[in-house]
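J.: Starting from these lines, generate the structure:
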Amino acid sequence: MSLLRDTQPSGGGSLDIAVVSLGGTWDPALPIAASRAGAVGLLDVQYLDAFEKVGPAVERLSRSARGRFGLIVHGVLGEP
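T.: Okay, here's the model as predicted:
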């Protein structure tokens, strides 16, 4: 599941580019750079078990991104 913040809606018929952070890292540098360059920057926080690092990484992404960005999170349908 992906959660996007859309601050710059794309024009009709255009192809959007998405850049995803490296798996297994908490570094939002790639998504930040992508959002500043006009792409969608996605921070992949799937399967990472240090939950105390999520907040600072998302805060840095939110504070530093200048365009569209979001998170990729792991979820299973049907779980309570």
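J.: switch to C-alpha atoms for all contacts and neighbour counts from now on
T.: Will do.
J.: May I have the secondary structure class of Leu42?
T.: strand (DSSP: H, G, I helix; E, B strand; the rest coil).
J.: Flag the shaky bits of this protein, pLDDT-wise.
T.: Scanning the chain for pLDDT under 70 picks out the ranges 1-13, 79-80.
J.: could you redo the last one with a cut-off of 50?
T.: 1 (pLDDT under 50).
J.: Identify each of the strands in it and give its residue range.
T.: With DSSP state E, the ranges of strands along the chain come out as 2-5, 18-20, 40-44, 69-72.
J.: any idea how far the residue lying closest to Ala18 once chain neighbours are set aside lies from Ala50?
T.: Nearest residue to Ala18, sequence neighbours excluded (Cα to Cα, 6 or more residues apart in numbering): Val40, at 4.5 Å. Computed with Cα to Cα, to the nearest Å, the distance linking Val40 and Ala50 is 25 Å.
J.: higher neighbour count, the two?
T.: Val40 (25 against 9; other Cα atoms under 10 Å).
J.: What helices and strands are in contact with the longest helix anywhere in the chain?
T.: For the chain, the longest helix by residue count, based on DSSP state H, is helix 54-64. For helix 54-64, the packing partners by 3 or more Cα pairs under 8 Å, 6 or more residues apart in numbering; DSSP states H and E come out as helix 29-36.
J.: Report the beta-bridge partners for the spatially most central residue of the chain.
T.: When Cα atoms, centre = their mean is applied to the chain, the residue found nearest the centroid is Leu42 (2.4 Å). Legend: beta-bridge partners of Leu42 under DSSP bridges are Val20, Gly70.
J.: Which residues are in contact with the residue nearest to Ala18?
T.: Counting by Cα atoms under 8 Å, 6 or more residues apart in numbering, Val40 touches 16-19, 31, 34, 67-70.
J.: and the strands of the chain as JSON lines, adding distance to Val54?
T.: As requested, these are exported to JSON lines (distance: least, Cα to Cα, whole Å):
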{"stretch": "strand 2-5", "distance to Val54": "14"}
{"stretch": "strand 18-20", "distance to Val54": "16"}
{"stretch": "strand 40-44", "distance to Val54": "10"}
{"stretch": "strand 69-72", "distance to Val54": "10"}
